[in-house]
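Asker: from the sequence below, what's the structure:
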Amino acid sequence: MRHNQVVIDKGYAGLNPVNFGYEDCEKGYGFGPAVRMYWLLHFVESGFGTFRIGDRSYQLKPGQIFVIPPYVETYYEADREQPWQYIWIGFTAEGSLPVALGDVVCCPEALRIFQDMKRCSQYQNGRAAFLSARLWELFSLLLESDKKESDQVEMALNCIHAEYMNELSVQDLADRVNLERTYFSSLFKRKTGVSPGKYLFHYRMNMAAALIANQGKSITTAANSVGYTDICNFSRMFKGHFGVSPREYARRLQTEKE
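Answerer: Predicted structure coming up:
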């Protein structure tokens, strides 16, 4: 069942509410592809669903918020077995938001704020002001959570730097920092600019090149030292990264020294 609360656009500076509601979705209910002219946040109270934005797709669970920016095409669909129940709020913003938002934000602590938003039905003239206050409260919570997320990414980076020579997957990294894999990948890319898999690969290749160039190690030793036991695969990866094979890389270095 869908519940919409009429929100009159007051044109408040900063965070200005324009839309609010909540819904217990039918199994498989979908919306889109569509765009909005304002920001729209959906907090998943219970159940599951899929959120697609651009070429990215997320499987969402309770405690997560999916973010729809203005004029960005999205599609979302309730799970066919356990459809989600969510609360949404739409708003316009003057300038940038208080905190940068990724496609999906994991913040179970925001449940109390979104549930409190439902009390806006008690207000007539003050409804938009009440929701604006809850939005600021939400962003204050997200600003605190942002530090925690930065710490989690820092932990993952430390793990890569310390254990790049071992078997280490994106799932391993996500498990280390107690995050769901898809959300972890999105968070890592938002904080570093690259995916965790690409960061790990680049770090391994650069460490292998340093072993060859600075330590004079053999290709086999360099490969084993960065987690590659298949030398042929390592050579392909190395060439794909640097444009030359490790053997040619070593030869050129030797020529430069002469």
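Asker: okay, stretch 56-66 in PDB with CA atoms only?
Answerer: Provided in PDB are the C-alpha atoms of stretch 56-66 (Å, rounded to 0.1, in the frame of the first residue of the first chain):
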ATOM      1  CA  ARG A  56      25.300  -0.100 -12.300                       C
ATOM      2  CA  SER A  57      22.900  -2.500 -10.500                       C
ATOM      3  CA  TYR A  58      22.500  -3.100  -6.700                       C
ATOM      4  CA  GLN A  59      20.700  -5.700  -4.700                       C
ATOM      5  CA  LEU A  60      19.500  -3.900  -1.600                       C
ATOM      6  CA  LYS A  61      18.500  -4.900   1.900                       C
ATOM      7  CA  PRO A  62      17.100  -3.300   5.000                       C
ATOM      8  CA  GLY A  63      19.200  -0.400   6.400                       C
ATOM      9  CA  GLN A  64      20.300   0.900   3.000                       C
ATOM     10  CA  ILE A  65      19.300   4.100   1.200                       C
ATOM     11  CA  PHE A  66      19.300   4.200  -2.600                       C
END
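Asker: ok, residues contacting that stretch?
Answerer: Contact with stretch 56-66 is made by 41-53, 76, 84, 103-108, 110-111, 180, 182-183, 186, as judged by CB atoms under 8 Å, 6 or more residues apart in numbering. For every residue, glycine as well, the C-beta is placed using N, CA and C.
Asker: figure out how far that stretch is from the centre of its chain.
Answerer: Mean-position distance between stretch 56-66 and its chain equals 10 Å (CA atoms, centre = their mean, to the nearest Å).
Asker: how about it, which residues are buried there?
Answerer: Applying a neighbour-count criterion of 16 or more other CB atoms under 10 Å, one finds Y58, L60, K61, G63, Q64, I65, F66 buried in stretch 56-66.
Asker: coming back round to it: write the PyMOL selection for whichever of the contacts of stretch 56-66 are buried.
Answerer: PyMOL command restricting the contacts of stretch 56-66 to the buried ones, with burial defined by 16+ other CB under 10 Å:
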select buried, resi 41+42+43+44+45+47+48+49+50+51+52+53+76+84+103+104+105+106+107+110+180+182+183+186
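Asker: among the contacts of stretch 56-66, which lie within helices?
Answerer: Judged by DSSP state H, those include L111, T182, Y183, S186 as members of helices.
Asker: show me what contacts the closest residue in space to the third one that isn't next to it in sequence?
Answerer: It refers to Y183. Nearest in space to Y183, with sequence neighbours left out and distances taken as CB to CB, 6 or more residues apart in numbering, is C106 at 5.3 Å. The contact partners of C106, by CB under 8 Å, 6+ apart, come to G63, Q64, I65, L179, E180, Y183, L187.
Asker: and the gap between the last one and W84?
Answerer: Shown here: L187 relative to W84, a distance of 21 Å by CB to CB, to the nearest Å.
Asker: any idea where the strands of the stretch 1-150 of the chain begin and end?
Answerer: For the stretch 1-150 of the chain, the strands identified by DSSP state E, counting those that start in this stretch occupy 2-5, 15-24, 30-34, 39-46, 49-53, 56-60, 64-68, 74-78, 85-93, 104-106, in order along the chain.
Asker: what's opposite the residue nearest to Y183 in the beta bridge?
Answerer: Q64 (DSSP bridges).
Asker: and it, what's its pLDDT?
Answerer: On the pLDDT scale, C106 is placed at 85.
Asker: K147 now?
Answerer: 69.
Asker: try I8
Answerer: 88.
Asker: was I right about it contacting R127?
Answerer: Yes. The pair I8 / R127 is scored as a contact, 7.3 Å apart, by CB atoms under 8 Å.
Asker: more neighbours, these two?
Answerer: Ranked by neighbour count (other CB atoms under 10 Å), I8 and R127 place R127 first, with 20 against 11.
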